[in-house]
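In: Here is my input, please return the structure:
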Amino acid sequence: MNCKENQARYLQKDKQQKMKKILLLCSAAVMAMQVSAQDFKTVLTKTFTTFDTAQDQSVKVEQSNKMSLIAKKWDNEWAAHYYAAWSKTVLSFEEKDGDKRDAYLDEADKEKETMMSILKKETDETYVLAAMMANARLAVNPSSRWMKYGKVFSSNIESAQELNPGNPRMYYLQGMAKLHTPKAFGGGKKNAKPYFEKAETLFAKENSDDITKPYWGKQRNTQFLAECNKED
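Out: So this is what the prediction gives:
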């Protein structure tokens, strides 16, 4: 074997070794990304579940703050910002002080803005979240805000329905809005009940296997439907 053949064989072997190293590095990087994504989903799922099932308001506040921290750690994950915004909106509904309610929604607005910068498109779930946030703004002072935020709520519900008429959360939100609207203006249990019934049917078709495919609302919808079935 001459010198040129030895050199060619050496270069070929060296090339193969480099390719193996590159493939190993790529494989390690992919595995690291998969582990990171799995860790993200696990942490977010656990935090969401604790928040969603908590009876103590201080626990809800604590878990909502944790969602904000999750959004900071996994800043490029749209779902992290989605749930941070969602949890702040829920807290706003449950807070009594008007200024604090708006403050929660200001935080939710920032998280939603970041979420949209990552997604770069609207989905039925982003429209539903926007409708929920608008309804929360309206609820702070219905008499002075219903005209502005009522329109925002309705337009986002309509947009969500165009994209996915099978999303149960938009019917749940409509039912909730009807339930808390005076009977004289078309609200009350009787008018809210059909929306909760529709939502219940659609919730039954959802699963809770993937936190990045929102499934919140089922528990509260069941509670509101039970309330509508009671005598006034």
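In: next helix or strand past the helix or strand of the chain with the lowest mean pLDDT?
Out: Least confident helix or strand, the chain: helix 3-53 with a mean of 63, by mean pLDDT, DSSP states H and E. Next in sequence after helix 3-53, counting helices and strands by DSSP states H and E, comes helix 57-73.
In: okay, whatever helix or strand comes next after that next one in CSV with CA atoms only?
Out: Next along the chain after helix 57-73, taking DSSP H and E as the criterion, comes helix 78-94. Once non-C-alpha atoms are left out, helix 78-94 reads as follows in CSV (Å, rounded to 0.1, in the frame of the first residue of the first chain):
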residue,chain,number,x,y,z
TRP,A,78,-46.3,29.8,24.6
ALA,A,79,-48.2,27.5,26.9
ALA,A,80,-46.3,28.8,29.9
HIS,A,81,-47.4,32.3,29.2
TYR,A,82,-50.9,31.1,28.3
TYR,A,83,-51.5,29.6,31.7
ALA,A,84,-49.8,32.4,33.6
ALA,A,85,-52.3,34.8,31.9
TRP,A,86,-55.2,32.4,32.5
SER,A,87,-54.4,32.1,36.2
LYS,A,88,-54.2,35.8,36.7
THR,A,89,-57.6,36.2,35.0
VAL,A,90,-59.1,33.6,37.3
LEU,A,91,-57.7,35.4,40.3
SER,A,92,-59.2,38.7,39.1
PHE,A,93,-62.7,37.1,39.0
GLU,A,94,-62.2,35.9,42.6
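In: Tell me what angle helix 78-94 forms with helix 57-73.
Out: 150 degrees (axes from the mean of the first three to the mean of the last three C-alpha atoms, to 10 degrees).
In: Show me what helix 78-94 is packed against.
Out: Contacts defined by 3 or more C-beta pairs under 8 Å, 6 or more residues apart in numbering; DSSP states H and E place helix 78-94 against helix 3-53, helix 57-73, helix 98-119, helix 124-140. Where C-beta positions appear, they are placed from N, C-alpha and C, glycine not excepted.
In: pLDDT weak spots in this structure?
Out: 1-38, 231-232 (pLDDT under 70).
In: gap between Gln63 and Lys46?
Out: Applying C-beta to C-beta, to the nearest Å, the value for Gln63 to Lys46 is 9 Å.
In: err, Asp52, not the other one
Out: In terms of C-beta to C-beta, Asp52 sits 11 Å off from Lys46.
In: Comparing those two, which residue is more hemmed in?
Out: A side-by-side neighbour count of Asp52 and Lys46, using other C-beta atoms under 10 Å, places Asp52 first with 18 against 13.
In: My guess is the more buried one contacts Gln219. True?
Out: Yes: between Asp52 and Gln219 there is a contact under C-beta atoms under 8 Å: 6.8 Å.
In: ok, how many other residues are close to Pro142?
Out: 13.
In: State the distance from it to Gly98.
Out: For Pro142 relative to Gly98 (C-beta to C-beta), the value is 11 Å.
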